[in-house]
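J.: Model the structure of this input:
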Amino acid sequence: MLDDRGDADETLPHHHIVLLGEADLSFALALGRRGGLGGYRVTATELGDPADVCDRYFRGSDAALASRCDELSRLGIRVVLSVCAKRLERNEDCYHWRATSGSFAKAPLWDGPPVSRFVFNFPHTTQSGRTGALLRRFFRSVRRSIACGLVEKNLPRRDAAQTRRARSGGRRSSPCRLRS
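T.: The predicted structure is shown next:
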């Protein structure tokens with residue numbers, strides 16, 4: 001459902017998933033058409049501004065980009081452009097798709113609940129051999145975003161084997177012993 005600004009309804013659970021580097025937004029569209037993520041709030045993002053995304057992925061057709069954004073909005077997925085994964089905590093000048101006006105409006109990336117999860121499909125850079133650096137900067141940015149309260153800190157639960165290892169001082173103990 002959409003609110004009066006054309007954004008996903010705030011009555012959804014507090015979980016928020018951000019899809020980073022969505023390019024032509026086709027992954028987000030496929031996800032939405034398959035039923036989304038079980039009520040999670042989903043935001044699809046791309047690094048370029050609206051003109052750049054339009055030129056690069058929609059052959060310069062503003063109508064094609066608007067159509068894609070409208071469909072994603074109907075599916076409950078927010079679209080935000082000009083999002084840099086290397087500085088998540090400082091994305092103040094992003095472009096949010098507003099379905100009611102059929103256009104992008106400038107606003108900070110972080111105008112909703114804290115992010116629960118990031119999905120960064122095929123992270124890449126135009127500079128050869130720099131993907132590792134991109135990922136390191138992304139993880140540093142996530143760490144800073146957690147410190148700022150923009151991202152939830154979710155630690156996985158330990159399973160029984162991890163708990164046994166922790167109690168035994170890190171030594172791996174196995175119920176199966178080899179006979180000598």
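J.: and the residue found closest to residue 92 once you drop the neighbours it is linked to in the chain, how far is that from residue 71?
T.: Closest residue in space to residue 92, ignoring its immediate chain neighbours: residue 108 at 4.9 Å, by Cβ to Cβ, 6 or more residues apart in numbering. Placement of C-beta: from N, CA and C, glycine included. Noted for residue 108: a distance of 25 Å to residue 71, by Cβ to Cβ, to the nearest Å.
J.: out of these two, which sits in the more crowded spot?
T.: A count of neighbours by other Cβ atoms under 10 Å puts residue 71 above the other of residue 108 and residue 71, at 17 against 12.
J.: quick one: which helix or strand includes that one?
T.: helix 62-74 (DSSP states H and E).
J.: What of residue 30?
T.: Judged by DSSP H and E, residue 30 forms part of helix 26-33.
J.: SS state for residue 45?
T.: Classification of residue 45 using DSSP: H, G, I helix; E, B strand; the rest coil returns strand.
J.: Count residues in the vicinity of it, would you?
T.: Residues near residue 45, counting by other Cβ under 10 Å, number 25.
J.: Report pLDDT for it.
T.: For residue 45, the pLDDT comes out at 95.
J.: where does residue 46 sit relative to residue 143, distance-wise?
T.: Distance, residue 46 to residue 143, using Cβ to Cβ: 23 Å.
J.: quick one, which of these two is more surrounded?
T.: Using other Cβ under 10 Å as the criterion, residue 46 and residue 143 rank with residue 46 on top: 24 against 14.
J.: thinking the more buried one is in contact with residue 72, fair?
T.: No - in this structure residue 46 lies outside contact range of residue 72 using Cβ atoms under 8 Å: 11.8 Å.
J.: so what's residue 178 scoring on pLDDT?
T.: 33.
J.: Now stretch 78-87: buried residues?
T.: Within stretch 78-87, the residues scored as buried using 16 or more other Cβ atoms under 10 Å are 78, 79, 80, 81, 82, 83, 84, 85, 86.
J.: Cross those against strands and list the overlap.
T.: Using DSSP state E, 78, 79, 80, 81 are the members of the buried residues of stretch 78-87 that sit in strands.
J.: follow-up on the earlier one: of the buried residues of stretch 78-87, which is the nearest to residue 62?
T.: For the buried residues of stretch 78-87, the residue nearest residue 62 by Cβ to Cβ is residue 81; the value is 13.0 Å.
J.: Go through the chain and flag its longest helix.
T.: Using DSSP state H to define each element, the chain has its longest helix at helix 131-148.
J.: For it, which outside residues touch it?
T.: In this structure, residues lying in contact with helix 131-148 by Cβ atoms under 8 Å, 6 or more residues apart in numbering are 20, 85-89, 115, 118, 120, 123-125, 151-153.
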